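Trainee: here is my input; please provide its structure:
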Amino acid sequence: MCEFSRLSPGRSIRLGCHSGTFVVAGVTPEQRGSSAEVYDQFKLRGFDAMLSPTVPIVAPEIAPLVASDDAFFAANAALLRNPSMVNLLDGCALSLPCHRAGEMPVGLMVWSGALADDRVLSVGLGVEAALRTARAN
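Mentor: Numbers count the residues shown, from 1 in each chain. The predicted structure is shown next:
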């Protein structure tokens with residue numbers, strides 16, 4: 001059993017899940033196999049890294065999250081979806097700010113498989129330079 005806790009002003013909330021009942025990307029842990037097997041299915045053949053949004057939504061307003069546990073856990077799950085998938089695959093990643101001045105902050109995640117930190121950092125430097133050029137134009 002795993003536990004998730006959230007401390008709110010004046011209260012503590014605990015939710016539990018049984019390890020065999022959670023679902024990641026529509027696949028139960030029994031169907032998923034090891035992270036090495038999953039990563040092997042998604043190998044980056046011919047690619048140095050993958051690009052994806054760091055999080056799939058813009059930052060939510062705080063007040064509704066404080067007022068509702070359901071809203072908090074829904075937003076938390078959405079915000080953790082993309083980085084959790086990289087973590088599930090035992091990968092490594094970095095996030096680069098990619099928004100224009102005056103816009104809501106947005107991150108672009110550069111990621112690859114396990115032990116590819118140097119490659120991710122190298123690709124990240126190239127992407128950062130390209131973003132800088134795009135912002136200047």
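
Trainee: state the helix or strand in which Met109 lies.
Mentor: strand 107-112 (DSSP states H and E).

Trainee: what's next to the helix or strand following that strand, contact-wise?
Mentor: Proceeding N to C from strand 107-112, the next assigned helix or strand is helix 117-136, under DSSP H and E. Residues outside helix 117-136 that contact it (CB atoms under 8 Å, 6 or more residues apart in numbering) are 48-49, 51, 92-94, 96, 98, 100-101, 108, 110-112. (Glycine included, C-beta is placed from N, CA and C.)

Trainee: tilt between helix 117-136 and strand 107-112?
Mentor: Inter-element angle recorded for helix 117-136 and strand 107-112: 150 degrees (by axes from the mean of the first three to the mean of the last three CA atoms, to 10 degrees).

Trainee: can you point out the buried residues in helix 117-136?
Mentor: Using 16 or more other CB atoms under 10 Å as the test for burial, helix 117-136 gives Arg119, Val120, Val123, Gly124, Val127, Glu128, Leu131.

Trainee: would you turn those into JSON lines with distance to Ile57?
Mentor: Supplementary listing: those in JSON lines, determined by distance: CB to CB, whole Å:
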{"residue": "Arg119", "distance to Ile57": "28"}
{"residue": "Val120", "distance to Ile57": "23"}
{"residue": "Val123", "distance to Ile57": "25"}
{"residue": "Gly124", "distance to Ile57": "23"}
{"residue": "Val127", "distance to Ile57": "21"}
{"residue": "Glu128", "distance to Ile57": "23"}
{"residue": "Leu131", "distance to Ile57": "21"}
